[in-house]
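Student: Coordinates for the following, if possible.
(2 chains)
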There are 2 protein chains.
Amino acid sequence: MMGRNPFTLIERHACCGGEVHFLSHQSQELGLPARVSIFLPVKALAGDRVPAIHVLAGLTCTQETFLIKSNAIRHAADHGLALVAPDTSSRGANVAGEDDAYDLGTGAGYYVDATTDPWAAHYRMGSYVRRELPALVEEHFPIMAGRRGIMGHSMGGMGALAVALGDAGAWQTVSAFAPISSPSQVDWGHKVTDAYFGGHEAEWAQYDPCLLLEAGMTHPGTLLVDQGLDDEFLSRLQPERLEQAAKAAGQSLTLRRHEGYDHSYWFVQSFIQDHLKHHAEGLL
Amino acid sequence: MMGRNPFTLIERHACCGGEVHFLSHQSQELGLPARVSIFLPVKALAGDRVPAIHVLAGLTCTQETFLIKSNAIRHAADHGLALVAPDTSSRGANVAGEDDAYDLGTGAGYYVDATTDPWAAHYRMGSYVRRELPALVEEHFPIMAGRRGIMGHSMGGMGALAVALGDAGAWQTVSAFAPISSPSQVDWGHKVTDAYFGGHEAEWAQYDPCLLLEAGMTHPGTLLVDQGLDDEFLSRLQPERLEQAAKAAGQSLTLRRHEGYDHSYWFVQSFIQDHLKHHAEGLL
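Tutor: Numbers count the residues shown, from 1 in each chain, chains lettered A, B, ... in the order given. Model prediction:
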């Protein structure tokens, strides 16, 4: 039985034969209003359910960034796939200091559930992107239930890999651009450990792609990962760690290294077409 | 003989096999530093000169907007064309009130030369986009001399049509998204008349696409124009006036009306591929 539609439409724009919707809704997991952007291809507007790719953006971004800057919509439209783009953190939690740094608090939810006060009440993007949001969009939009891909960039690439490795049955396809391969091992993750996890590094077990692989959590599909070799954050992204962990776990991984490309969406848009093709092959 | 290179590189990003450059330079026409973004396809990076499409953005935009939001780069790369994106006005002229309204002053240069103080000294985007910028980029980048297309959106669509109609020999191809067809006839243009032109409506003769057509200024190519029918500014864009003026002048025009599309870049990106194809056919 369909629940009351919790989404409020803020903006709607025709795009590439389909529509982009900017929405808000009250999130149970976050305990706050949340924003999400959705692209529906023409087939979905006609009432047919289509598979969706959830797209997770990186530090400082919002629910609009990936759709504006990645060029994903053109190719999603061509394949007849929906796109679902959540925000990158809770907004309005009013935790002291949450707006002070680009890499902690607002815009930096890391797609994890915080376990320690004052963050634990509202910083729960982990459960939000893994369960609440997919269930809600599949209930209230012409999106196929349980037929899902996930991809992301940087912090969002980490999130996409972790979500798919953590529950491979729920996500048929996965890809990432310049993901943080093992957040527990680098500065960004250490800040998260200290703040969201109250110093408990073990919490990373369900969110760190390399730790998941090392624990034997694999995905039956191929992980498609693109990485620029002029990426200014390369030493914190550690694609070589991902490569080693995948190899040891027997995880199929296509890791493509690109000479001259940096960490920006200029890089993401350069290879987005291949990602949409990868997801379309697994979802359609 | 090549002059001293006046461009300062602010940012460079690999993109779609080529590079996006964010640049600044001291403009002689504007009497101020100006910003411009350029996309160079792989062929140009290898040293071969390629034709360029100049892209003019609309009110409130900057030299970054069109390249970030239109998806033009993917298709320019595929065709081997450069893109040149100027700012939408002078910046730093320090005219009283220039930052007060979205549709006059900064972000609203209308691609015209102001003729009245205090605007006349620096608000000279007309001469800048028609002569100074094309000459400079053709001298200092691997861009073919005199092999040029021009396109734009809204105020920039107006600019593109006016530039090409005003000097058809210098611009081989032209297209526009939701252009202001006859600025002299609508509120936006009346503000420009009062401010930049000191009340002299006759100045519009060289900048108003419909007035140019009515004066017999035509272009040997086809004007490709896309217009959304849910455009919130439709009554000020007046595509029907453009259609009438083109017909009366014997100007070839392909005006496509799109049900459900609004004025945004979500509309622009939906049809950008056809525009790049149109320019490629005329320039290559």
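Student: How about the contacts made by residue A:115?
Tutor: Contacts for residue A:115 were tallied using C-beta atoms under 8 Å, 6 or more residues apart in numbering or on different chains; they are A:196-198, A:200, A:203. For every residue, glycine as well, the C-beta is placed using N, CA and C.
Student: what's the pLDDT at it?
Tutor: Note for residue A:115: predicted pLDDT of 98.
Student: Return the member of the contacts of residue A:115 nearest to chain B.
Tutor: Using C-beta to the nearest C-beta, residue A:196 comes nearest to chain B of those, at 31.6 Å.
Student: What number of neighbouring residues does the nearest residue in space to the closest one that is not next to it in sequence come out with?
Tutor: Nearest residue to residue A:196, sequence neighbours excluded (C-beta to C-beta, 6 or more residues apart in numbering or on different chains): residue A:114, at 3.7 Å. Using other C-beta atoms under 10 Å in any protein chain shown, residue A:114 has 25 other residues around it.
Student: Distance check, residue A:114 against chain B.
Tutor: From residue A:114 across to chain B, the span is 33 Å (C-beta to the nearest C-beta, to the nearest Å).
Student: and if you look at residue A:190?
Tutor: Here residue A:190 is placed at a distance of 29 Å from chain B (C-beta to the nearest C-beta).
Student: Can you classify that residue by secondary structure?
Tutor: Classification of residue A:190 using DSSP: H, G, I helix; E, B strand; the rest coil returns helix.
Student: Tell me how many other residues crowd it.
Tutor: Residue A:190 has 13 nearby residues by other C-beta under 10 Å.
Student: Next, the contact list for the residue in the stretch 51-200 of chain A positioned nearest to chain B, please.
Tutor: Of all residues in the stretch 51-200 of chain A, residue A:71 sits closest to chain B, at 5.1 Å by C-beta to the nearest C-beta. By C-beta under 8 Å, 6+ apart, residue A:71 lies in contact with A:269, A:272-273, B:71, B:74, B:269.
Student: again, only this time at 7 Å
Tutor: If a contact means C-beta atoms under 7 Å, 6 or more residues apart in numbering or on different chains, then residue A:71 has A:269, A:272, B:71, B:74 as its contacts.
Student: Likewise for residue A:33?
Tutor: A:24, A:26, A:92.
Student: Mind checking which of those residues are buried?
Tutor: The neighbour count (16 or more other C-beta atoms under 10 Å in any protein chain shown) marks residue A:24 as buried among the contacts of residue A:33.
Student: Keep only those of the contacts of residue A:33 that are in strands.
Tutor: Residues of those located in strands (DSSP state E): A:24, A:26.
Student: what's the burial count for residue A:273?
Tutor: Other residues near residue A:273 come to 16 when the count uses other C-beta under 10 Å.
Student: hang on, it packs against residue A:75?
Tutor: Yes. Counting by C-beta atoms under 7 Å, residue A:75 is a contact partner of residue A:273 at 5.2 Å.
Student: What segments of the stretch 151-284 of chain A are helices?
Tutor: Assigned by DSSP state H, counting those that start in this stretch, the stretch 151-284 of chain A shows helices spanning A:155-166, A:187-195, A:209-214, A:234-237, A:239-249, A:265-283.
Student: Dump these into JSON lines; add mean pLDDT as well.
Tutor: Below are these laid out as JSON lines (pLDDT from 0 to 100):
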{"stretch": "helix A:155-166", "mean pLDDT": "98"}
{"stretch": "helix A:187-195", "mean pLDDT": "97"}
{"stretch": "helix A:209-214", "mean pLDDT": "98"}
{"stretch": "helix A:234-237", "mean pLDDT": "98"}
{"stretch": "helix A:239-249", "mean pLDDT": "98"}
{"stretch": "helix A:265-283", "mean pLDDT": "98"}
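Student: Point out the most buried one among those.
Tutor: Most buried of the helices of the stretch 151-284 of chain A by mean neighbour count (mean count of other C-beta atoms under 10 Å in any protein chain shown) is helix A:155-166; its value is a mean of 29.
Student: Run the angle between it and helix A:239-249 for me.
Tutor: 10 degrees (axes from the mean of the first three to the mean of the last three C-alpha atoms, to 10 degrees).
Student: Remind me what helix A:155-166 packs against, helices and strands.
Tutor: On a contact count with 3 or more C-beta pairs under 7 Å, 6 or more residues apart in numbering or on different chains; DSSP states H and E, helix A:155-166 meets strand A:50-56, strand A:143-153, strand A:173-177, helix A:209-214.
Student: between the ones you listed, which one is nearest to residue A:227?
Tutor: Residue A:227 lies closest to strand A:173-177 among the helices and strands packed on helix A:155-166, at 7.8 Å (C-beta to C-beta).
Student: Quickly check: that closest one near chain B or not.
Tutor: No. Judged by C-beta under 7 Å from any C-beta of the partner chain, strand A:173-177 stays clear of chain B, getting no closer than 13.4 Å.
Student: Give me the angle between that strand and strand A:50-56.
Tutor: Counting by the same axes, to 10 degrees, strand A:173-177 lies at 30 degrees to strand A:50-56.
Student: What is the distance between strand A:173-177 and the centre of its chain?
Tutor: On the basis of C-alpha atoms, centre = their mean, to the nearest Å, strand A:173-177 sits 9 Å off its chain's mean C-alpha point.
Student: do stretch A:85-105 as well
Tutor: Offset of stretch A:85-105 from its chain centre (C-alpha atoms, centre = their mean): 16 Å.
Student: Over to stretch A:177-193?
Tutor: 15 Å.
Student: thinking again about what came up before, between the contacts of residue A:71, which is nearest residue A:56?
Tutor: residue A:272 (14.1 Å).
Student: So the closest one versus residue B:106, what's the distance?
Tutor: Distance of residue A:272 to residue B:106, computed by C-beta to C-beta, to the nearest Å: 33 Å.
Student: try residue A:59
Tutor: Applying C-beta to C-beta, the value for residue A:59 to residue B:106 is 30 Å.
Student: Repeat that for residue A:102.
Tutor: In terms of C-beta to C-beta, residue A:102 sits 27 Å off from residue B:106.
Student: so where's chain A shaky on pLDDT?
Tutor: For chain A, residues meeting the criterion pLDDT under 70 lie at A:1-2.
Student: near chain B, which residues of the stretch 1-150 of chain A show up?
Tutor: Contact residues (C-beta under 7 Å from any C-beta) of the stretch 1-150 of chain A with chain B: A:13-16, A:20, A:68-69, A:71, A:74.
Student: let's see 10 Å
Tutor: For the stretch 1-150 of chain A, the contact set with chain B under C-beta under 10 Å from any C-beta of the partner chain comprises A:11-20, A:39, A:45, A:67-71, A:73-75, A:77.
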